[in-house]
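**Student:** Next input, structure requested:
(2 chains, ligands or ions: 3)
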Amino acid sequence: MIALGQDEIAKYPFLADAGQYLKDKGFSLEQFGTDPDLKQLIDKAYDRILVAADGKIYKSDLIEDHVSKEAALPREVFSFLLAIVLLKLCGMHTLIKRFALAEARRAEKYLERDLSNISDESKKELAIRVIDDLFSVQVEKQDDYFVIPVSDYLKHSINFHEREWKLINRHIENGLVFLTPHETVRLIRKELGTYINSKIINAKTPAMIPGFEDSVNKLALLSKKFATFTVTTGEYPPCIKHAIDVLEKGENLPHSGRFMLATFLLSKGQTVNQIAPLFKNAPDYNQRITLYQLNHLAGTSGSGTQYSCPSCEKLKTQSLCFATSECDNIINPLQFGKKRK
Amino acid sequence: MQESDIKFLEESFKKYYFEHFDLIRVPERTSEREFGYQKFNSGMTRHIQIKDDKELHLLFMQNVPSDVYCSNAYYSFPNLPMNEKDWKEADLIFDIDAKDLNLLCRESHTISICNECNEISKKLKQCRKCNSTKLEKKSLPCKNCIDSSKDEVFKLFKILVDDFAINKENIHVYFSGNEGFHVYVYNSQFQQIGSRERSELSDYIMLRGAIPETFGMKKFKPNRSSFPDFDDKGWKGRFSKYMYGTKSKRSKIISELLVNGYSSFQKTLDNVSENIGVKIDPNVTMDIHRIFRLPGSINSKSGLTKILCKDISKFDPYNEASFLSDDTIEILANSPLEFKLKNKKFGPYNNEKVTVPIFAAVYMICKKLARIA
Ligand code: SF4
Ligand SMILES: [Zn+2]
Ligand SMILES: [Zn+2]
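**Tutor:** Ligands and ions are numbered 1, 2, ... in the order given. Got it, this is the predicted structure:
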C-alpha cells in the first residue's frame, strides 16, 4: 500500500487503516465516547454524515491542500473514521451509500488538484498511484495531458452517456487516450464511490460504545427520510433500472433519460412527490425546477396533456435501451413483464 | 438441395479436407475455444471442445461438415452451455462484407431464385414466371466488390496500427470464402474488453457519433484556430485530408464551415462518416460469444476456402481460394450470369447440361445455380 504523508491522509482518509491509525495516535474508540474534549469529534463526524446525506460535499478544514492548523489534521481524519463507526452502528445502507458518494466527490477534488499540481511532482505521483492502485488504471503524464490505454478508458467511459465521452470524440494516439486532470478523475468517479462504499460495508461493526448512542439514534431517524423512495424492484425493465442506478450514483442522466424515467413512473401510477426525490443526487439538482418539470409531464400544470413513455425503438436511438432477453421484443418499456401469448 | 447434390458436395469437401488439412489454421489455445459445425440440410451443432489438430481432423473426417466454426473467445469450459462456459477473453474481430458497401455493381451480378417455382432470373423484385415476391437472392461478387472490400480492409488496418498501436504481425486478414474479409487482431490490449466496449470501438472505427466540437467546431463563438490540420493524428488528420483536399484549400473551406454554422457541421460530419468511416459490421465486432468460420475451411455458400491473405493487395479470391479438383463432371446448369474461376470463364448457362471442372460445379451448386445431371 502507499505510504501516506500527513496531508494525504487528511485528503484521502479512506486509504488509512482505521484501527492502525487510532492506535498510532494513541487513542481508543472508548475515549471518544467519554472524554469531553474528544466527544466534540463525534458531533463533527455526525455533521459530516449530515452534509453527505444532503447531497453536499463536506467542507473540510483543509486550506488549499495543506492542513490549516497542525491540530486540525487528526481532527479531519478522526471525523471521517468516527463517521464510519457511526454509520456501522446505525447500519443504514442508504446513508452509507450517500456518505460514500459525497466522500468520493470530496476526494475527487483533491485528486484533480494534485494531478494538476505543477510545482510539486510528489503530489502528482501520489495521485497517479492512488488511481493505479485502486482502480488499475495506468495513468501517465504526457505534455499537458494524462494518457491512459484505450481499453482502460473504455471500461469506465461506457457508463457515461454524454456524447463527448464517446471514444470517437477523444484524442487518441498510439493506443492511448488523452485526458485533462479533470477528465481523468471524472472517469473514475463511480469506482471511487464504490471503493469507499465497499470499504465501509466491509469494515467490522463494533459493539455499541458508551457516548455514541445519541448520534446513532439521530442517524437512524435521519435515514427514515430517505427510505421512502427505494423504488428499485425487479419488475422494472433494464432501461428504467439503469436510469435509476445512474441517478442513485449521482451520475448525470441526460434529459432524454429523465424524461423516460419520469413518464414511465407516472404511467405506473407514482405521484410527482414520490418521483422527485429520485433526482436529488443529480449533479445539477434543483428542487423547484424538478417539481415544475415533473408536473408538466404529469399534465398537472400547463397544457394538461400527460406525456407518455417513449417507445423502445426511440430509446434505442437515444442509447437508453439496455435490452435483455426479458424484454422479449416488446415495443414499449411499459409492456415489460406482462406475459404475452 | 437434392440428395445427389449433397452427396457430390460432401465427397468434394471430404477430399479437400483430406488433401489440404495443412490449410486449416488450428487456432492457438485450441482447447479453450468453442467449435461448432453444420452438415448439409441440417442445423448447427455447437459447444464442442477440441483438444488439438488431431481431434479437429477427426471431426472433419467423421462428420463431413458443410461449414465449421470456431469462437474468437477463450473459455474455461467451452463445451458447457453459454452461461456456464466462463468467458475469459476474445480476439478482436472485424467483418467487412461487399453486400454492406452499397455498391452500384451489385444489382448487375445478383440473381433471384423463386421460392415458389424455382425460376432463376435477373429480375429481383418479382418472379418473371409466377409473379411471386418470395425470392432468394444470390450474388456472384465481381472484381469491384472484392476491390472495394479490400479498400475497407486497408482503412481498418491503418487505424488499428496508427491509432491503436497494434502490432502489424498481430493482424491477420482472411478472405471470408464468399463476399468479404474477416480481420483478426490477436494479443492486443482489447482481449478482455466486453461487448459494450467493443461497440464503442466499432463506432470509433466507423466514425459514428462524432460531435462537431471534436473537429474544432464550437457551438458558441466558433473560431478557425481550433480546426484540425493535415498532420493531426487520428480522425482529425483523416478528416482534414478528406474535407480540405489540398493545403491551399484549407483556409477557404474552414471559412465556409464557419459560415454554415454548427448544425450544418453536424450534417457534414454524417456525410464524412459515410465516406471515410470504415464499413465494418458492428454487430460482429461486439458479439463476444459468436463462432466464426474456421480459417482454412470451406464456405458452403460458394465452395471457396476461407483463406489467409498474405498479400491482400494482390489477392485474387477466384484464383487463390479455390482448391477443389480439376476433374470434370456433368451438371444441369442454370446461371444467367457468367463468372470466372481459376482463370477460366463459365456461363451463362440456360438450363443446359454441361461438363465442367468440379471446382466450378461446386461453386454453382452451392449458389443453387446447378444440380447434378
Ligand atoms: S427493450 Fe425496451 S424495455 Fe427493454 S431495455 Fe430496451 S427500451 Fe427498455
Ligand atoms: Zn416463380
Ligand atoms: Zn460487384
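**Student:** Enumerate the residues of chain B near ligand 2.
**Tutor:** For chain B, the contact set with ligand 2 under Cβ under 5 Å from the ion comprises B:C114, B:E116, B:C117, B:E119, B:C127, B:K129, B:C130, B:S132. All C-beta atoms are positioned from the backbone trio N, CA, C, and that covers glycine.
**Student:** Between these, which sits nearest chain A?
**Tutor:** B:S132 (28.1 Å; Cβ to the nearest Cβ).
**Student:** Give me the spatial nearest neighbour of the closest one, chain neighbours excluded.
**Tutor:** B:E116 (4.2 Å; Cβ to Cβ, 6 or more residues apart in numbering or on different chains).
**Student:** Does chain A have contacts with the strand or helix carrying B:V173?
**Tutor:** Per DSSP states H and E: B:V173 is located in strand B:171-175. No: counting by Cβ under 8 Å from any Cβ of the partner chain, no contacts exist between strand B:171-175 and chain A, the nearest distance being 13.6 Å.
**Student:** Work out the sheet partners of the following helix or strand past that strand and label each with its direction, please.
**Tutor:** Next in sequence after strand B:171-175, counting helices and strands by DSSP H and E, comes strand B:180-185. For strand B:180-185, the paired strands and their directions (DSSP bridges) are strand B:92-97 (antiparallel), strand B:171-175 (antiparallel).
**Student:** can strand B:180-185 be found next to ligand 3?
**Tutor:** No: judged by Cβ under 5 Å from the ion, strand B:180-185 makes no contact with ligand 3; its nearest approach is 11.6 Å.
**Student:** what does stretch B:104-111 give?
**Tutor:** Yes: residues of stretch B:104-111 are located near ligand 3 by Cβ under 5 Å from the ion, namely B:C105.
**Student:** What is the neighbour count of residue 16?
**Tutor:** Just so you know, I chose chain A. Residues near A:A16, counting by other Cβ atoms under 10 Å in any protein chain shown, number 19.
**Student:** ah, no, chain B please
**Tutor:** 22.
**Student:** Next up, phi/psi of it, please.
**Tutor:** The phi and psi values for B:Y16, taken as degrees, to the nearest 10, are phi -60, psi -50.
**Student:** Also B:H289?
**Tutor:** Dihedral pair for B:H289: phi -120, psi 10, per degrees, to the nearest 10.
**Student:** What score does it have for pLDDT?
**Tutor:** As predicted, B:H289 sits at a pLDDT of 94.
**Student:** Would you mind measuring from it to B:Y184?
**Tutor:** Distance of B:H289 to B:Y184, computed by Cβ to Cβ, to the nearest Å: 16 Å.
**Student:** between the two, which one's more packed in?
**Tutor:** B:Y184 (19 against 15).
**Student:** Settle this for me: the more buried one is touching B:I166, isn't it.
**Tutor:** No: counting by Cβ atoms under 8 Å, B:Y184 sits too far from B:I166 to count as a contact (11.1 Å).
**Student:** Please identify which residue in chain B comes closest to ligand 1.
**Tutor:** Nearest residue of chain B to ligand 1: B:R196, at 13.6 Å (Cβ to the nearest ligand atom).
**Student:** Kindly list the main-chain dihedrals of that residue?
**Tutor:** According to degrees, to the nearest 10, B:R196 has phi -70, psi -40.
**Student:** what about the helix or strand that contains B:L332, distance to the chain center?
**Tutor:** Assigned by DSSP H and E, B:L332 belongs to strand B:328-335. Its chain's C-alpha centre and that of strand B:328-335 lie 28 Å apart, by Cα atoms, centre = their mean, to the nearest Å.
**Student:** What residues sit buried inside that strand?
**Tutor:** Within strand B:328-335, the residues that count as buried by 16 or more other Cβ atoms under 10 Å in any protein chain shown are B:I329, B:I331, B:A333, B:N334, B:S335.
**Student:** So which elements touch that strand?
**Tutor:** Of the remaining helices and strands, those touching strand B:328-335 by 3 or more Cβ pairs under 8 Å, 6 or more residues apart in numbering or on different chains; DSSP states H and E are strand B:349-357, helix B:358-366, strand B:370-372.
**Student:** Could you dump these into TSV and include mean pLDDT?
**Tutor:** Putting the helices and strands packed on strand B:328-335 into TSV (pLDDT from 0 to 100) gives the following:
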stretch	mean pLDDT
strand B:349-357	96
helix B:358-366	97
strand B:370-372	94
